[in-house]
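Asks: Predicted coordinates and the sequence they were generated for:
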Amino acid sequence: MERLFPDPKIRLLHLLPGTGSEPLRCSLEVAVPFRSATGLSYEAISYAWGDGASTEVIWCDGKRKTITSSLATALRRVRLVDRTRVLWADGICINQKDLDECEQQVRLMAAIYSQATQVL
């Protein structure tokens, strides 16, 4: 994953269309959310992390990634049938293995949620 330093950048999740139990598929985009004159259009997901040991697969940019089952359930609930949905969800948009990035992104979370077109 591309590092999100030094500028305040975030990753946006482009959740590809699908239905029911079809595999989750997405792509990630690095964006500079707070400097754009036109602004970014994304929705933020608020969900309970749940049991971190319970995981599912999402195909992201053609690669297999593991996410919590609670995030997978939330993504299936908001996935559209006919078009891509642009989202921010901490469990996939923040590199959870990079402590520096986690700390930096946690400091941005209030702004991330407030800049979203809506919080789901």
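Replies: Looks like it arrived, so ask away.
Asks: Name the residues of the helix ranked longest in the chain that are buried.
Replies: Assignment by DSSP state H gives helix 99-115 as the longest helix of the chain. Residues 101, 104, 105, 108, 112, 115 are the ones in helix 99-115 that count as buried (16 or more other Cβ atoms under 10 Å). C-beta: built from backbone N, CA, C; applies to glycine.
Asks: Please report how far the second one lies from residue 48.
Replies: Between residue 104 and residue 48 the distance is 23 Å, computed by Cβ to Cβ, to the nearest Å.
Asks: same question, the first one
Replies: With the distance defined as Cβ to Cβ, residue 101 ends up 22 Å from residue 48.
Asks: what's the answer for residue 96, then?
Replies: If you go by Cβ to Cβ, the gap between residue 96 and residue 48 works out to 16 Å.
Asks: what does residue 17 give?
Replies: For residue 17, the distance to residue 48 (Cβ to Cβ) stands at 25 Å.
Asks: which one of the two has more residues nearby?
Replies: More crowded of residue 17 and residue 48, by other Cβ atoms under 10 Å: residue 17, with 13 against 10.
Asks: The more buried one sits in which helix or strand?
Replies: Taking DSSP states H and E as the definition, residue 17 sits outside all helices and strands.
Asks: quick one: low-confidence parts of the chain?
Replies: Of all residues in the chain, those with pLDDT under 70 make up the ranges 1-7, 35-39.
Asks: Could you point out the longest strand of it?
Replies: Ordering each strand of the chain by length in residues (DSSP state E) puts strand 24-31 first.
Asks: Name the residues of that strand that come out as buried.
Replies: In terms of neighbour count (16+ other Cβ under 10 Å), strand 24-31 has its buried residues at 24, 25, 26, 28, 31.
Asks: For residue 73, state which of these is nearest.
Replies: residue 24 (10.3 Å; Cβ to Cβ).
Asks: List the residues that contact the closest residue to the closest one other than its chain neighbours.
Replies: Leaving aside its chain neighbours, residue 24 sits nearest to residue 58 (4.2 Å; criterion: Cβ to Cβ, 6 or more residues apart in numbering). By Cβ atoms under 8 Å, 6 or more residues apart in numbering, the contact list for residue 58 reads 23, 24, 25, 26, 65, 66, 67, 72, 75, 92.
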